[in-house]
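A.B. asks: Sequence isn't available, so here's the structure alone:
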């Protein structure tokens, strides 16, 4: 299913299906011997999607999800810690952009009076709420869904849902940037900055140095082609990520934010995984992940709004 400017999706198709892949990685980590985190909701989403006709990946695709499991687990743990630390600093308002099947509102220890806004396609958010409600799982913070495409006027939808731009906010951008064109990425961070009060925090999974090099892109295409060929041989249909991603050079996130009053720090993905004593096989992206994790605090005064 190729991307278009105004496309939308159910949880079992296009970009929505990638959320199921992430849920599968989280379910695998939860069931492991020494998990970095536990997410009991992940398996519930998988079971509900299967009841709708979704087939869990097998063969090459299932193997890839397993081999990048350490990266996915490290990423999840880092964002978990980001929100916990923001709460410890007194931030009670959080926004999860492109929330997908993220269940942090239901599983993290939120401080009193916290509110968590989740922005994503209406169908995706509806699926998640229906599954958790069916299992009588209640959120641990006030949970507000904002069903709107991030390419539309989501700041207005967020305000209409009760968001207070005068209060510090914890923002997360996880697994999102590849699905946005370069211009849309800039617009996303412009809007976040405009909505951020002083002392707001942001956490971003960003492209690392060298991601858009010809060498890395060529290696990536070769690996994907091989996995798709293996999937076809076993009778599976593996989607082509490049049909969903916007592979185009773009602004460095850490630099962009630091130039706009965010005090930032960036951690390469390999260093993050080493922090949690995790790694990925050498035959996957050359044994390294060309992404980085950017964390920032907004230092501007409220007068910027």
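C.D. replies: Nice, I can see it. Predicted model only: the values in this text are computed from it and were never measured. Residues are numbered from 1 along each chain as shown.

A.B. asks: you'd agree residue 263 is up against residue 294?
C.D. replies: No: using C-beta atoms under 8 Å, residue 263 makes no contact with residue 294, being 11.3 Å away. Bear in mind the C-beta positions are built from the backbone N, C-alpha and C, glycine included.

A.B. asks: So between those two, which is more surrounded?
C.D. replies: The neighbour comparison of residue 263 against residue 294 (other C-beta atoms under 10 Å) goes to residue 294, with 24 against 11.

A.B. asks: tell me which element the more buried one falls in.
C.D. replies: strand 291-298 (DSSP states H and E).

A.B. asks: Could you list the paired strands of that strand along with their orientation?
C.D. replies: Partners of strand 291-298 in the sheet, by DSSP bridges, are strand 201-207 (antiparallel), strand 262-268 (antiparallel).

A.B. asks: residues making contact with the last one?
C.D. replies: Meaning strand 262-268. Residues from elsewhere that reach strand 262-268 (C-beta atoms under 8 Å, 6 or more residues apart in numbering): 193, 202, 206, 208, 253-254, 257-258, 291-299.

A.B. asks: Dead centre of this structure: give me the residue that sits there.
C.D. replies: By C-alpha atoms, centre = their mean, the chain has its centre lying nearest to residue 174, at 2.6 Å.

A.B. asks: How about the contacts made by that residue?
C.D. replies: 75, 79, 96, 98, 102, 203, 204, 205 are the contacts of residue 174 under C-beta under 8 Å, 6+ apart.

A.B. asks: any idea how far the last one is from residue 245?
C.D. replies: Using C-beta to C-beta, to the nearest Å, residue 205 is found at 13 Å from residue 245.

A.B. asks: the more surrounded of those two?
C.D. replies: Just comparing residue 205 and residue 245: by other C-beta under 10 Å the higher neighbour count belongs to residue 205, 22 against 15.

A.B. asks: from memory that one sits against residue 291, does it?
C.D. replies: Yes: between residue 205 and residue 291 there is a contact at 6.1 Å, judged by C-beta under 8 Å.

A.B. asks: what about residue 295, distance to residue 204?
C.D. replies: Counting by C-beta to C-beta, the gap from residue 295 to residue 204 is 8 Å.

A.B. asks: Have a look at those two and say which one is more surrounded.
C.D. replies: Between residue 295 and residue 204, residue 204 has the larger neighbour count (other C-beta under 10 Å), namely 27 against 21.

A.B. asks: okay but that one is in contact with residue 251, surely?
C.D. replies: No: using C-beta under 8 Å, residue 204 is not in contact with residue 251; the gap is 11.9 Å.

A.B. asks: Could you count how many residues lie near residue 141?
C.D. replies: 22.

A.B. asks: pretty sure residue 94 belongs to a strand, no?
C.D. replies: Yes: the assignment for residue 94 by DSSP: H, G, I helix; E, B strand; the rest coil puts it in a strand.

A.B. asks: My read is that it contacts residue 113, right?
C.D. replies: No: with contact defined as C-beta under 8 Å, residue 94 does not reach residue 113; the gap is 12.0 Å.

A.B. asks: Settle it for me: which of those two has more neighbours?
C.D. replies: residue 94 (24 against 9).

A.B. asks: Wasn't residue 273 part of a helix?
C.D. replies: Yes: assigned with three-state DSSP, residue 273 falls within a helix.

A.B. asks: quick one: contacts for the residue nearest to it when sequence neighbours are not counted?
C.D. replies: Ranked by C-beta to C-beta, 6 or more residues apart in numbering and with sequence neighbours excluded, the top spatial neighbour of residue 273 is residue 74, at 4.7 Å. Residue 74 makes contact with 36, 269, 272, 273, 275, 276, 278, according to C-beta under 8 Å, 6+ apart.

A.B. asks: So how do I select the buried members of those residues in PyMOL?
C.D. replies: If you want just the buried ones from the contacts of residue 74 in PyMOL, going by 16 or more other C-beta atoms under 10 Å, the selection is:
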select buried, resi 36+269+272+273+278
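
A.B. asks: quick one: which of the contacts of residue 74 is nearest to residue 183?
C.D. replies: Nearest to residue 183 out of the contacts of residue 74 is residue 269 (C-beta to C-beta; 24.9 Å).

A.B. asks: buried ones in the host helix or strand of residue 73?
C.D. replies: Here residue 73 sits within helix 69-88, counting by DSSP H and E. Neighbour counts over helix 69-88 (16+ other C-beta under 10 Å) mark 69-80, 82-84, 86-87 as buried.

A.B. asks: cool, stretch 138-147 as well?
C.D. replies: Neighbour-count burial for stretch 138-147 [16+ other C-beta under 10 Å]: 139, 141, 143, 144, 145, 146, 147.
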